[in-house]
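1. no FASTA, just this:
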């Protein structure tokens, strides 16, 4: 194994700091990717991968991503719930990579609910 440099250690420190900040609070956005067996079978893993890619391209420290099990609406999977602080949560249905990018860029970053594939306001 190669020796770690000071630069490597600083990168690791920043990554850990960023990851724990999302867990400890201070988040103004919570994104729930519903990953029950029906969601996974319908493509929730690809949706999660796309979401993580989009998040890696931003420097937002206030977004928290969590997973949950099935929400009981198997026919509309994959589902993603977006909760912006001070706003009603929105459940998006039939998500795929392109829809997740659109929701991230427009709803999460700008605040525009994507009504074309919003299932419900919770």
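-> All right, it came through fine. Values in this document were obtained by computation on a predicted structure and should not be read as measured data.

2. show me where this structure has strands.
-> Counting by DSSP state E, the chain has strands at residues 29-34, 63-68, 80-84, 90-92, 118-121.

3. so residue 73 sits right up against residue 119, yeah?
-> Yes: contact status for residue 73 versus residue 119: in contact at 7.3 Å, counting by C-beta atoms under 8 Å. Glycine gets a C-beta too; all of them are placed from N, C-alpha and C.

4. distance between stretch 84-96 and the chain's centre?
-> On the basis of C-alpha atoms, centre = their mean, to the nearest Å, stretch 84-96 sits 10 Å off its chain's mean C-alpha point.

5. likewise for stretch 92-102?
-> Using C-alpha atoms, centre = their mean, the offset of stretch 92-102 from its chain centre is 11 Å.

6. stretch 61-70 now?
-> Its chain's average C-alpha position is 5 Å from that of stretch 61-70, according to C-alpha atoms, centre = their mean.

7. what's the answer for stretch 108-116, then?
-> The mean C-alpha position of stretch 108-116 is separated from the chain mean by 14 Å, C-alpha atoms, centre = their mean.

8. and if you look at stretch 80-94?
-> For stretch 80-94, the distance to the chain centre is 11 Å (C-alpha atoms, centre = their mean).

9. straight-line length of it, end to end?
-> Stretch 80-94 has an end-to-end distance of 9 Å (C-alpha to C-alpha, to the nearest Å).

10. list the buried ones in it?
-> 80, 81, 82, 83, 84, 90, 91, 92, 93 (16 or more other C-beta atoms under 10 Å).

11. quick one: those as JSON lines, columns for pLDDT and distance to residue 56 too.
-> Output for the buried residues of stretch 80-94, formatted as JSON lines (pLDDT from 0 to 100; distance: C-beta to C-beta, whole Å):
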{"residue": "80", "pLDDT": "96", "distance to residue 56": "17"}
{"residue": "81", "pLDDT": "95", "distance to residue 56": "21"}
{"residue": "82", "pLDDT": "95", "distance to residue 56": "18"}
{"residue": "83", "pLDDT": "92", "distance to residue 56": "21"}
{"residue": "84", "pLDDT": "91", "distance to residue 56": "20"}
{"residue": "90", "pLDDT": "94", "distance to residue 56": "23"}
{"residue": "91", "pLDDT": "95", "distance to residue 56": "24"}
{"residue": "92", "pLDDT": "96", "distance to residue 56": "21"}
{"residue": "93", "pLDDT": "94", "distance to residue 56": "25"}
